[in-house]
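# how does the following fold in three dimensions:
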Amino acid sequence: MKKFLFILTALLSMNIAQAADFVPQEGKQFITVTQPASVDKEVIEFFSFYCPHCANFQMEYKIPQAIQAKMPQGTHFVKYHVNFLGRASEDLTRAWAFAMATNSTELVEDALFEAAQSNRISSMSDIRKIFIDKGITAEQFDNGINSFAVNGLVNKQINALEQYQVKGVPAFFVNGNKQIDMGGFSDSNSVQQFVDNYTATVLYLLNH
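Here you go, the predicted model:
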């Protein structure tokens with residue numbers, strides 16, 4: 001028993017030391033892109049409800065939540081849905097714009113992921129039902145889904161997608177001109193180390 005506890009303690013100490021020693025490297029964990037640096041500290045995540053990795057980031061690994069919990073004060077974190085993946089991607093981009101406009105993103109995000117991942121979304125009617133099931137009234141949804149504010153947020157997502165030349169998701173950009181390179185974490189020894197180092201890279205860029 002004492003031997004087991006000694007080994008466990010040693011392993012935990014090793015993991016903590018590895019986390020403390022981790023320093024992201026440009027060209028490996030992140031790259032500089034041809035965009036001007038943002039004036040304010042910000043993180044932009046491009047995602048799709050159809051993307052399995054995006055679903056894992058949100059619901060299993062909880063990377064966006066970990067980043068937001070440790071961001072410097074005054075940092076903006078925004079998530080934009082891409083419209084190039086999945087048959088109802090344009091409807092989901094509009095639905096996400098509606099969620100942003102009504103401050104209901106946290107309310108519906110996981111449910112939209114679950115529905116898209118299980119191929120239960122084929123039209124705006126399916127999306128509407130999810131919002132209603134989560135407490136948004138039918139009147140709110142019907143009056144808001146094509147509103148001026150939502151149209152503006154749809155265009156904002158599309159313009160950002162073009163500006164950052166996003167080809168795949170999830171894609172994280174920090175302070176405008178730094179992009180996280182997921183391939184740079186391929187040597188992670190565990191899922192937890194991947195999550196910790198990915199999160200640490202975003203936070204490192206926010207603070208430097």
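
# distance of the nearest residue to Val154 once chain neighbours are set aside relative to Pro170?
Of all residues not flanking Val154 in the chain, Ala97 sits nearest, at 4.7 Å (Cβ to Cβ, 6 or more residues apart in numbering). (Each C-beta comes from the backbone N, C-alpha and C, glycine too.) Distance check for Ala97 against Pro170: by Cβ to Cβ, to the nearest Å, it reads 19 Å.

# again with Val78
Counting by Cβ to Cβ - Val78 and Pro170 are separated by 13 Å.

# overlap in contacts of those two?
Common contact partners of Val78 and Pro170 (Cβ atoms under 8 Å, 6 or more residues apart in numbering): Glu45.

# could you report the pLDDT at His208?
Confidence at His208, expressed as pLDDT, is 88.

# then Gln163?
The model reports Gln163 with a pLDDT of 97.

# list the contacts of the residue positioned nearest the centre of the chain.
Nearest to the centroid of the C-alpha atoms of the chain, with distances taken as Cα atoms, centre = their mean, sits Glu45, at 4.6 Å. Taking Cβ under 8 Å, 6+ apart, we find Glu45 in contact with Pro64, Phe77, Val78, Lys79, Tyr80, Pro170, Ala171, Phe172.

# how about the strands in this protein?
30-32, 42-47, 76-81, 171-174, 178-180 (DSSP state E).

# Serialize those strands to TSV and add fields for distance to Ile127 and mean pLDDT.
Below are the strands of the chain laid out as TSV (distance: least, Cβ to Cβ, whole Å; pLDDT from 0 to 100):
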stretch	distance to Ile127	mean pLDDT
strand 30-32	34	98
strand 42-47	16	99
strand 76-81	12	98
strand 171-174	23	99
strand 178-180	29	99
